[in-house]
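In: Next comes the sequence, and after it the predicted model I'd like to discuss.
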Amino acid sequence: MQLASYTQGQWRTGAGTGQTFADATTGEIVAELPAATIDYAGVLTHARAIGGPALRRLTFHERAALLKTLAKALGERKEELYALSRSTGATQADCVLDVDGGLGTLFSYASRGARELPNSHVYIDGAAEPLSKSGGFAGQHICVPLEGAAVHINAYNFPVWGMLEKFAPTFLAGVPAVVKPASATAFVTEKLVRQILDTSVLPEGSLQLICGSTGDLFDHLRSQDAVAFTGSAATAQKLRVHPAVVTHSVRFTAETDSLNSCILGPDAAPGTPEFDLFVAEVVREMKLKAGQRCTAIRRALVPAQQLDAVSTALKEAFAKIVVGDPRVAEVQMGPLVGIAQRRDVLARIQELRQEAELLTSDPEEVQLLGATRDKGAFLGPTLLRVREPHRARAVHAVEAFGPVCTLMPYSSVSDAVALAKLGEGSLVASAFTADPAVARELILGLAPYHGRVLIVDRDCGKEQTGHGSPMPGLVHGGPGRAGGGEELGGIRAVLHYMQRTAVQGTPKLLEALARA
Ligand code: NAP
């Protein structure tokens, strides 16, 4: 499969042999990315001159209706995406998370657009602000689409959901998108974009795809453009200070690394439903995407007196995880995306082991179902334990982006909060407790350092949506190390791609705006 980019209304394939991508299980080459000649300035011009005006001619409701039509059409072809995703190491559960999760986000934004936005070209933000004694002069905030392009740079772990969760709010806002998927799984995103274009639902110019390098794209960014980045903190730091981004105040959001915590409440002793739910959650987070989730549980915090009981329960549960070829139905955890990622995670595990002990068996010696170790990027579920977490550094700072979690004890609820904060800002923290006082102390302590806080007890245990799963209507992002960005969160994500302007004038004029 030769990957191509879709720019300025055409598919562009490079010449000669380029970067190749192997099946994560078999090592067979599944895709090749030859370097294509792309006019990066032209990509932005096309978005601004063709895509933007076409989108802005539509109302919010018209754009929402197109999103819904698109989501329905893609739903009929999702098996093709599942099949390709297997090569990235995705099990059936991982495919559902990525593909169905992405389609669900499209549907969600389509219905929010119809319900929460007006059938108009302008969003009236809040009530009018009286500015004169007689009431003859007032102010009103309005939001209108940016007239530039939204550049979306995505991480490799969610080639479908990652693209659609950025695309849906951008499209609804009326802004054209330029999507750059991570190379390792670009073959899945490329297929998705082909499916989208096949539907002919979107106006030309509203979606372009760049596979491979972004070339000099950033040099051509201007003040009406926006960048939404997902990936490592190191890449985010580099792109955030690009001269064009800084000079033209380009809106830049980042979703980056995160050392997320999962806390067992002091009330959740062995034998309680919360204890069992906690163990199940840590195990589930390891299995899904083989721990390659920005929201995965990296640190499991437990009351000091429960450290041994939790160690035993998790060790036993980790040993039962069936690892192997994701195409085999019984397999619960597939390989990492590739050999390079496996090498990287092994190096991070070594760093963590300088201060933490390994409780599970050698991750390199993992037993496999339907696959051989020499061909695939397999790694066994890895549980580490640190007994003095305040004296440790790496466990709060080093992200091993794979099936790796470190268990640590805390002495009090405030100590658990203090440990979680050592992650310097995370996407999510979860706590398993049935005690409202504990929950309150945790929520208020954790909230300044987290984008999302999940509290699970026996009453919501069965229907809770999961530590690692962002929801379209809730904030996805986090302060500090997590990038400082915010995605999803309902209509707020749409408004991010719009200019909020205060308009002052007579009330009659402002009322007319609402009908625009
Ligand atoms: P990465 O190496 O930083 O790459 C992320 C994206 O940036 C890829 O599309 C990559 O393209 C691109 N990129 C790299 N250098 C670039 C440059 N100089 N100019 C323009 N684009 C550039 O991260 P990754 O290894 O793919 O993803 C794993 C990391 O992402 C983990 O740290 C994880 O925590 C984080 N992540 C965070 C979230 C979140 O929502 N917070 C979600 C998923 C993952 P190429 O692939 O072509 O290099």
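Out: Nice, thanks for sending it over.

In: give me every residue that touches the residue of the stretch 151-300 of the chain found nearest the ligand.
Out: Taking CB to the nearest ligand atom, the ligand has its nearest neighbour within the stretch 151-300 of the chain at residue 231, 2.4 Å off. All C-beta spots, glycine's among them, are computed from the backbone N, C-alpha and C. Residue 231 makes contacts with 153-155, 182, 255-256, as judged by CB atoms under 8 Å, 6 or more residues apart in numbering.

In: Tell me, what's the model's pLDDT at it?
Out: Predicted confidence (pLDDT) for residue 231: 96.

In: hmm, back to that, so which of the contacts of residue 231 belong to strands?
Out: Among the contacts of residue 231, the members falling in strands (DSSP state E) are 153, 255.

In: got a winner among the contacts of residue 231 for most neighbours?
Out: When neighbours are taken as other CB atoms under 10 Å, the top entry among those is residue 255 (29 neighbours).

In: Residues of this protein that sit close to the ligand?
Out: With CB under 6 Å from any ligand atom as the criterion, the chain comes near the ligand at residues 153-157, 180, 182-184, 214, 230-232, 235, 238-239, 255-258, 294, 399, 401, 427, 482-483.

In: In helices, which of those residues fall?
Out: Counting by DSSP state H, the part of the residues of the chain next to the ligand found in helices is 235, 238-239.

In: pull the CA atoms of stretch 121-130 into PDB?
Out: The C-alpha coordinates for stretch 121-130 follow below in PDB (Å, rounded to 0.1, in the frame of the first residue of the first chain):
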ATOM      1  CA  HIS A 121     -23.600  32.000  10.600                       C
ATOM      2  CA  VAL A 122     -22.900  33.700  13.900                       C
ATOM      3  CA  TYR A 123     -22.900  32.500  17.500                       C
ATOM      4  CA  ILE A 124     -24.200  34.900  20.100                       C
ATOM      5  CA  ASP A 125     -22.200  34.400  23.200                       C
ATOM      6  CA  GLY A 126     -24.100  35.300  26.400                       C
ATOM      7  CA  ALA A 127     -26.600  38.100  27.100                       C
ATOM      8  CA  ALA A 128     -26.300  41.700  25.900                       C
ATOM      9  CA  GLU A 129     -24.400  44.000  28.300                       C
ATOM     10  CA  PRO A 130     -26.300  47.300  28.900                       C
END
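
In: list the buried ones in that stretch?
Out: Neighbour counts over stretch 121-130 (16 or more other CB atoms under 10 Å) mark 122-124, 128 as buried.

In: for these, which one is nearest residue 478?
Out: Proximity of those to residue 478 (CB to CB) peaks at residue 123, which lies at 26.3 Å.

In: before we move on, the earlier item: now pLDDT and secondary structure too, for the buried residues of stretch 121-130, in JSON lines please.
Out: Listed next are the buried residues of stretch 121-130 as JSON lines, based on pLDDT from 0 to 100; DSSP: H, G, I helix; E, B strand; the rest coil:
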{"residue": "122", "pLDDT": "96", "secondary structure": "coil"}
{"residue": "123", "pLDDT": "96", "secondary structure": "strand"}
{"residue": "124", "pLDDT": "95", "secondary structure": "strand"}
{"residue": "128", "pLDDT": "92", "secondary structure": "strand"}
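
In: so how far is stretch 89-109 off the chain centroid?
Out: Mean-position distance between stretch 89-109 and its chain equals 12 Å (CA atoms, centre = their mean, to the nearest Å).

In: coming back round to it: weed out the non-buried ones from the ones in helices among the residues of the chain next to the ligand.
Out: By 16+ other CB under 10 Å, these give 235, 239 as buried.

In: which among the ones in helices among the residues of the chain next to the ligand gets closest to residue 315?
Out: Of these, the one sitting nearest to residue 315 (CB to CB) turns out to be residue 235, at 35.1 Å.

In: per-residue pLDDT, residue 281?
Out: Confidence at residue 281, expressed as pLDDT, is 98.

In: for it, helix, strand, or coil?
Out: helix (DSSP: H, G, I helix; E, B strand; the rest coil).

In: Could you double-check that it sits in contact with residue 454?
Out: No: Residue 281 lies out of contact with residue 454 (CB atoms under 8 Å); the separation is 9.2 Å.

In: which residues are in contact with both of the two?
Out: Both residue 281 and residue 454 are in contact with 430, 466-467, where contact means CB under 8 Å, 6+ apart.

In: Need the nearest residue in space to the residue nearest in space to the middle of the chain, chain neighbours excluded.
Out: Closest to where the C-alpha atoms of the chain average out (CA atoms, centre = their mean) is residue 162, at 5.5 Å. Nearest non-adjacent residue to residue 162, counting by CB to CB, 6 or more residues apart in numbering: residue 154, 4.3 Å away.

In: Against the ligand, how distant is the residue of the chain most remote from its centre?
Out: The centre of the chain is farthest from one residue, residue 134, which by CA atoms, centre = their mean lies 49.9 Å away. From residue 134 across to the ligand, the span is 50 Å (CB to the nearest ligand atom, to the nearest Å).

In: And what about that residue, helix, strand or coil?
Out: With three-state DSSP as the criterion, residue 134 reads coil.

In: Roughly how far does it sit from residue 96?
Out: For residue 134, the distance to residue 96 equals 60 Å [CB to CB, to the nearest Å].

In: so who does the residue nearest to residue 162 touch?
Out: 162-163, 166, 179-182, 189, 230-231 are the contacts of residue 154 under CB under 8 Å, 6+ apart.

In: Now do the helices in the stretch 151-300 of the chain.
Out: 161-173, 186-199, 233-240, 243-247, 273-287 (DSSP state H, counting those that start in this stretch).

In: deepest of those, which one?
Out: helix 161-173 (a mean of 27; mean count of other CB atoms under 10 Å).

In: quick one: that helix to helix 186-199, angle?
Out: 40 degrees (axes from the mean of the first three to the mean of the last three CA atoms, to 10 degrees).

In: Convert helix 161-173 to CSV, retaining C-alpha atoms only.
Out: C-alpha atoms of helix 161-173 as CSV (Å, rounded to 0.1, in the frame of the first residue of the first chain):
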residue,chain,number,x,y,z
TRP,A,161,-10.5,8.9,16.8
GLY,A,162,-7.5,11.3,17.1
MET,A,163,-8.3,12.7,13.7
LEU,A,164,-12.1,12.9,14.0
GLU,A,165,-12.1,14.4,17.5
LYS,A,166,-10.2,17.4,16.2
PHE,A,167,-12.0,17.5,12.8
ALA,A,168,-15.6,17.5,14.1
PRO,A,169,-15.5,20.7,16.1
THR,A,170,-13.3,22.5,13.5
PHE,A,171,-15.7,21.7,10.7
LEU,A,172,-18.7,22.7,12.8
ALA,A,173,-16.9,26.0,13.5
